[in-house]
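*Asks:* give me the fold of what follows.
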Amino acid sequence: MMKDIFLLLIILPLIAVQLSGNFGRLHAEELTNFAAEKEFVAIRLEQPTQNLIDHIVRQDYEIIRLKDLEFVEIIVKKEQLPEFTDLGWEPEILFTEREMRDNLRLKTDELPGYRSYNDVLDELNDIVDSNPGIAALYNIGDSRGKEYALADNQNYADYAHDIWALKLTSNPTQESDKPAVYYNGAHHARELISVEVVMHILWHLIDSYGFDPQITYLVDNTEIWFIPILNPDGHKIVIDQMNTNWRKNIRDNYNTGSISAGDGVDLNRNYSYEWQLTGAANSITYGGPFASSEPETIALRTLWQERHFLAGISYHSYGEYVLYPPGYTWNLVSPDVQAQSALAAAMAETIPRFSSPGHYTSQHSWQLYPATGTCEDDAYCNHGIFAHTLELATVFIPPADDVPQICQDNLEAALILLRRVHHSTLTGITTDHSSGEPIVTELFIPGIDDTGVYRVPYRSKEEYGRYYRLLLPGDYTIQFSAPGYFQTPLVSFSINDSTRTTLNQELVPLSIPVITEYFAGDQFIRLSWEVPGQASSTNDSETDEPLYRQSELEGFNIYRDELLVNPDSLLTGYIFYDHDLNNGTAYSYEITAVYPEGESFPSDTVTIIPQSGTVISPETITLTLDEEILILQWEPVENAIGYRIYAASDPLADDWAFLDYVIDREWVGGFSESMKFFRITAVY
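*Replies:* Sure, this is the predicted structure:
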């Protein structure tokens, strides 16, 4: 559950619940006794004042929830309760650490209770073994504890956990361009109910496949990824009842070499988008020393990058909310806010509150409280995923007897998310008009992508050229663009609520220069080129509109050995001289055409070696001056391919100025006082 709290435009620092009076070495086996001695309680204070909030901050209490000025919920130690009554407040005890430990235990023998890491892994393996046609298991990374164990630190031998993801789809071991969704649990160790809900969704799809036509279709045509335990090390601490209030992973913040009080990073503050250093290392919401510092965070982000995810849910507890990003500060509105809010509301309306009338509340993440470096902000703002935080239940660890009902209550919302990627969606494949090969193309929908806060532009994927956009029903236009290609005109399309709309698009490459002539002289080269005309063609809608926007050529860029030779201005001619080169050295050249869209792909590469020339004898040169127009003529030199003209004011100077390169035996140019002496070299 996210914990960055703001009030009355004052950003409150994130506070740790200190697990001991000091932060020295505390072995894992000592945590149980420690937790018993310093048992916490969650309390609620109605209508908090600013003075109360300031006091809570000064005393380093963990703020769980803050709703406007209606209430604040915090974690304190039992021994600290009189402090609030002395201040004139009447704290309402929501639950205690003892109750959380009791909630882990079953009151009947018929219910399974909470799963351990090994329980989950055994079930995942059983599912794959029994359903190889639709299920495959992937190890997507190591936990922090495993990294320490692999470094031969035996204090972490029991924490050598892998992070497992189960992929559910037809032909699960093959790559595809199907839309992908994810369900993950246990970002936070003490939120055990999140694991149970993820596993319940998985089992429902497995048990329904082949019997329920809709579920069968969804599994066959979607990549559905389940990551039940993203934080297996912290999960173990809680499930083993060493400390039921543990939230973070087990990063060794104080270099003690073992699990100590104050260790760990809040994984849901560690993602890269809008990451900030949140609190000291012992803070319960510590975001880590830098963005994506933790292997658990990297594992999930890498999975996003490798697949085509459209939507997902990260399950947390508690609060009974469906939250959607971005939420890194107040009053954010995303470009996709209408489609996001509609999906979140549809999910929330199907989830009944567990112990009170009504259903879950859907809202922006920041409306609960702003938080930086979160999973959902990173998923949406960096990857375009319709990501959600779903806060389950009314306590961190609900009674084990209540788990089946909470799981069942949340099933339909998960299915709504899964169905969503198959309707009210635009998809298609973008290809190169010349080759037919897929290309990475950027998508721009006016009225959406030019609104709201920044979000990385949607793009088609490299492997297949496939793109997806989740939209509301209506009429839209879209423009496609890619580096090296003409921008398309705006293309019209419609979205309906029952199916996906398919719009394939070809893109025409920007006209590429063709080098027609090149040769080397004495310390110089000359390039000549032309640009082929661009024929117009039609798109797949069979209109007369060209595939590309008519654009005027702005100039050319010349690259020598992959470095731009003309950084200050674009060339407008079709001949280029490169001077002061080393004779005998090979130089490679490429030319790009420049358009409003950017540069074309480069021309074919040519390699040229300047060669020393022969100085022509002055006796063979004829000089004629006619009204400041100078004409030089000379006798031809056998086998010469051209001539290089220099001038200087002093024949003994080292700074002879290069004037021109010519093929004929004549040069005509303006005369100046600095041009008293001339030198001509033949180029072979």
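
*Asks:* am I right that Cys381 falls within a helix?
*Replies:* Yes: assessed with DSSP: H, G, I helix; E, B strand; the rest coil, Cys381 lies in a helix.

*Asks:* that one against Pro325, yeah?
*Replies:* Yes: applying CB atoms under 8 Å as the test, Cys381 and Pro325 come out as touching, 6.9 Å apart. (Each C-beta comes from the backbone N, C-alpha and C, glycine too.)

*Asks:* do you know how far Ser292 is from Lys146?
*Replies:* From Ser292 across to Lys146, the span is 17 Å (CB to CB, to the nearest Å).

*Asks:* in the host helix or strand of Tyr589, which residues are buried?
*Replies:* Per DSSP states H and E, Tyr589 falls inside strand 587-595. Across strand 587-595, burial judged by 16 or more other CB atoms under 10 Å covers Tyr587, Tyr589, Glu590, Ile591, Thr592, Ala593, Val594, Tyr595.

*Asks:* the third one against Phe601, yeah?
*Replies:* Think Glu590. No: using CB under 8 Å, Glu590 makes no contact with Phe601, being 9.5 Å away.

*Asks:* report the helix or strand with the lowest average pLDDT across the protein.
*Replies:* When each helix and strand of the chain is scored by mean pLDDT, DSSP states H and E, strand 10-11 comes last, with a mean of 32.

*Asks:* just how off-centre is stretch 385-403 within its chain?
*Replies:* 26 Å (CA atoms, centre = their mean, to the nearest Å).

*Asks:* what's the end-to-end length of that stretch?
*Replies:* 29 Å (CA to CA, to the nearest Å).

*Asks:* per-residue pLDDT, the residue nearest to Tyr548 when sequence neighbours are not counted?
*Replies:* Of all residues not flanking Tyr548 in the chain, Phe486 sits nearest, at 3.0 Å (CB to CB, 6 or more residues apart in numbering). The predicted structure scores Phe486 at 94 on the pLDDT scale.

*Asks:* and Phe486, how far from Gly436?
*Replies:* Phe486 is 17 Å from Gly436, by CB to CB.

*Asks:* over to Pro399?
*Replies:* 59 Å.

*Asks:* ok, the two, which is more surrounded?
*Replies:* Legend: neighbour count by other CB atoms under 10 Å for Pro399 and Gly436, higher for Pro399 (18 against 9).

*Asks:* residues touching the closest residue to the more buried one other than its chain neighbours, list them.
*Replies:* Distance criterion CB to CB, 6+ apart; nearest residue to Pro399, sequence neighbours excluded, is Asn103 at 4.5 Å. Residues near Asn103 by CB atoms under 8 Å, 6 or more residues apart in numbering: Val395, Ile397, Pro398, Pro399, Ala400.

*Asks:* which one of those residues is nearest Leu415?
*Replies:* Nearest to Leu415 among the contacts of Asn103: Pro398, at 21.8 Å, using CB to CB.

*Asks:* how deep is the closest one tucked in, by neighbour count?
*Replies:* Neighbourhood size, Pro398 [other CB under 10 Å]: 24.

*Asks:* which SS class is Glu83?
*Replies:* State at Glu83, reduced to three classes by three-state DSSP: helix.

*Asks:* list the contacts of it.
*Replies:* Glu83 neighbours (CB under 8 Å, 6+ apart): Gln59, Val76.

*Asks:* now with 10 Å?
*Replies:* The neighbours of Glu83, taking CB atoms under 10 Å, 6 or more residues apart in numbering as the test, are His55, Gln59, Tyr61, Val76, Lys77, Trp89, Pro91.

*Asks:* Three-state assignment for Glu99, please.
*Replies:* Secondary structure for Glu99, judged by three-state DSSP, is helix.

*Asks:* okay but it is in contact with Val395, surely?
*Replies:* Yes: using CB atoms under 10 Å, Glu99 is in contact with Val395, at 7.7 Å.

*Asks:* look at those two and report which has more neighbours.
*Replies:* Val395 (20 against 16).

*Asks:* what's the distance between the more buried one and Pro326?
*Replies:* Taken as CB to CB, the span from Val395 to Pro326 is 28 Å.

*Asks:* tell me which element the closest residue to Asp162 other than its chain neighbours falls in.
*Replies:* Leaving aside its chain neighbours, Asp162 sits nearest to Asn139 (4.8 Å; criterion: CB to CB, 6+ apart). Under the criterion of DSSP H and E, Asn139 resides in strand 135-142.

*Asks:* give me the buried positions along that strand.
*Replies:* By 16+ other CB under 10 Å, the buried positions in strand 135-142 come out as Ala135, Ala136, Leu137, Tyr138, Ile140, Gly141, Asp142.

*Asks:* redo the residues you listed as a markdown table? Include distance to Asp655.
*Replies:* Putting the buried residues of strand 135-142 into a markdown table (distance: CB to CB, whole Å) gives the following:
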| residue | distance to Asp655 |
| --- | --- |
| Ala135 | 76 |
| Ala136 | 71 |
| Leu137 | 73 |
| Tyr138 | 67 |
| Ile140 | 64 |
| Gly141 | 62 |
| Asp142 | 64 |
